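>>> Generate coordinates for the sequence data below:
(2 chains)
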Amino acid sequence: MKNGKKSLGCFLLLTAGAGICFGMGSRAGLGQSFAYSVEDYRKVDPALIRYAEVEGLLPTIGKLSALAIAPDGKIYVGGENGVEVFPERTIRPLDGTPGCLAVDDDGTLFAGMQDHVEVFSRDGGKTVWPSPGEKAYLTSIAADDRYVYVADAGGRRVLRYSKSGGTPLEIGAKDEANGARGFYIPSPFFDLDIGTDGSLWVVNPGYHVLENYSPDGRLISSWGKGSFTIEGFIGCCNPANFALMPDGSFVTAEKGLPRVKIYNLDGSMRCVVAAPDQFDEGAVGLDVAADRQGRIYVLDPGRSRVRIFEEKK
Amino acid sequence: MKTAGRRDFIKNLARGALLAGIAGICGLLVARKNKYQCSGRCGTCKPVHGGTCPLESDAGFVWQIDPEKCTQCGRCATHCVLTPSAVKCFHSYSICGYCDLCGGYLRPDAKGRNTGAENQLCPTAALRRQFIENPYYQYTVDEKLCIGCGKCVKGCGMFGNGSLYLQVKHDLCVNCNECSIARACPSSAFRRVPASDPYLLKSSQERRIV
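Below you'll find the predicted structure:
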């Protein structure tokens, strides 16, 4: 009788212990039913990655914000109160942090500050162009032998200046009567570049497309699609940055799910340069540029460096 | 066998009574401690505790989620003592891009960009999408349906501007002294904030709405 009571007591004790363990385990796993994993979207088929990272550049200036490659091959890296030029590693001081940079054939440096452009000639002269408007927020700048194009995310427009500044021509303004849908810019990521034929390429980030304009502002063509797949652009403002390759193809950088890809002239995806797992989670501000040899330069402000990718042999 | 006398019986009775008394006092103390859950605003603590709040230093503070620390693990939906949870999704309209391809609204494998249930990321369809003008869509949170799972918050932060975020709604929260979600939170995103300013809003423009 006594043994029976003991056995019953042990059984109840074990059952209670098991119940508590099971209950605590179930409780710890409760939230998992609502967990939303985006890890699958960070994975890229290795066969698509045709570039390998090589030794990059480590600028001495902080808060990296802009990247440009000059026609003579020099690399300009903008950051806190200055621009560092590679390979000399000279620093050109600025009154502020440039959001974008461009260098023309003459070696003139165009720095897009938040609401105005500052121009630095090769001999050290500085000119400040007046701000294009109260809402101006300049995010990209490009220069060829005739014009300087400036992307104004605040005003949702592209401004075409002459090399000496002056009154700009407005490109891409919304004009529904004439079928111009305008630029849709949910966040201040609005990039542009000049093609080898002198035409202007501009990202319309809300629509996830790149648009081609003639220098006088006429829309010629566009390509791109919004999609969660690797071939498209995800999110509200992608591609966040892009650059034209020597063969006219496009290298794009995305935010949110950071990835760098190359697209052919017809808009089809050629390959991946860098997959999301090659960047830190939450990496933003990835500016891209390409040199004449086809090397891809990626400004990674989170790691305070310019990362360089070369095509695999 | 020796039988217990009357004296022994009384002694045992006194010992038993003493033990029962001690156990009772301990039980009362434990029960009182567990029962006490300061809401910081109920006003009943003073009569109950004789004019002094045992957690005087903590009175006037409430639980809130720091959006910068929140990892949208999903536990806000499952660990709150209330059903549905007192944690709700907040929307900062001034940060939102009003996108068509919204990472907070649409599932990554959505077949289309429309209000079809199969396309929605929210398990309870608490995030509503309304066409404003081409190409803008406005997203609003139906608080009654929101369970605070944070799936939309994760999608918005990952693919969008991060305008969606979780907050403890203080007209619902019972402000447990030891918040059940705070104990389970893997990123220590829960913290005490003054009851007079109980929200950690992403944009000062939202302050007017709350």
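>>> and the residue in chain A that chain B sits nearest to, helix, strand or coil?
Going by Cβ to the nearest Cβ, chain B is nearest to A:Pro186 of chain A, at 2.4 Å. C-beta: built from backbone N, CA, C; applies to glycine. Taking DSSP: H, G, I helix; E, B strand; the rest coil as the rule, one finds A:Pro186 in the coil state.
>>> Where does pLDDT dip in chain B?
Within chain B, the stretches with pLDDT under 70 are B:1-4, B:24, B:26-58, B:205-210.
>>> Quick one: name the residues of it near chain A.
Contact residues, chain B versus chain A (Cβ under 8 Å from any Cβ of the partner chain): B:72-79, B:96-103, B:108-110, B:121, B:123, B:134-135, B:147, B:149-151, B:154-155, B:158-161, B:184.
>>> same thing but 7 Å
Counting by Cβ under 7 Å from any Cβ of the partner chain, chain B comes close to chain A at B:72-75, B:77-79, B:97-99, B:101, B:103, B:108, B:135, B:149, B:151, B:154-155, B:158-161.
>>> Show me where chain A dips below the pLDDT cut-off.
Applying pLDDT under 70 to chain A picks out residues A:1-4, A:10, A:13, A:16-32.
>>> can you give me the helices in it?
Ranges of helices in chain A, per DSSP state H, are A:2-28, A:39-42.
>>> repeat for chain B
Along chain B, the stretches classed as helices by DSSP H are B:6-35, B:45-48, B:75-79, B:151-159, B:180-184.
>>> For the last one, list every residue counted as buried.
In terms of neighbour count (16 or more other Cβ atoms under 10 Å in any protein chain shown), helix B:180-184 has its buried residues at B:Ser180, B:Ile181, B:Ala182, B:Ala184.
>>> Is the second one in contact with B:Ala189, as I believe?
No. No contact is recorded between B:Ile181 and B:Ala189 when judged using Cβ atoms under 7 Å, the distance being 9.3 Å.
>>> A:Ala136 - nearest residue in space that isn't next to it in sequence?
In space, and not counting its chain neighbours, A:Ala136 is closest to A:Asp115: 4.3 Å by Cβ to Cβ, 6 or more residues apart in numbering or on different chains.
>>> typo on my end, it should be A:Val150
Nearest non-adjacent residue to A:Val150, counting by Cβ to Cβ, 6+ apart: A:Leu159, 4.6 Å away.
>>> The one you found contacts A:Glu170, doesn't it?
Yes. Assessed by Cβ under 7 Å, A:Leu159 is found in contact with A:Glu170 at 6.3 Å.
>>> Neighbour count for those two, which is higher?
Neighbour totals were compared for A:Leu159 and A:Glu170, and A:Leu159 leads with 24 against 14 (other Cβ atoms under 10 Å in any protein chain shown).
>>> ok, the more buried one - contacts?
Taking Cβ atoms under 7 Å, 6 or more residues apart in numbering or on different chains, we find A:Leu159 in contact with A:Pro132, A:Val150, A:Asp152, A:Pro168, A:Glu170.
>>> Could you check how many residues crowd around the fourth one?
In other words, A:Pro168. 20.
>>> measure it to B:Leu106 for me?
Per Cβ to Cβ, to the nearest Å, A:Pro168 is found 38 Å from B:Leu106.
>>> now A:Val203
Note on A:Val203: its distance to B:Leu106, by Cβ to Cβ, is 21 Å.
>>> between the two, who's got more neighbours?
Using other Cβ under 10 Å, the more surrounded residue of A:Val203 and B:Leu106 is A:Val203, with 30 against 26.
>>> close enough to count as contact, that one and A:Asn238?
No. Applying Cβ under 7 Å, one finds A:Val203 not in contact with A:Asn238, separated by 8.2 Å.
>>> Show me the strands in chain B, by range?
All strands of chain B, identified by DSSP state E, fall at B:61-65, B:87-91, B:127-133, B:136-141, B:164-168, B:190-194.
>>> any chance of these in a markdown table, plus mean neighbour count?
Output for the strands of chain B, formatted as a markdown table (neighbours: other Cβ atoms under 10 Å in any protein chain shown):
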| stretch | mean neighbour count |
| --- | --- |
| strand B:61-65 | 23 |
| strand B:87-91 | 25 |
| strand B:127-133 | 14 |
| strand B:136-141 | 16 |
| strand B:164-168 | 26 |
| strand B:190-194 | 16 |
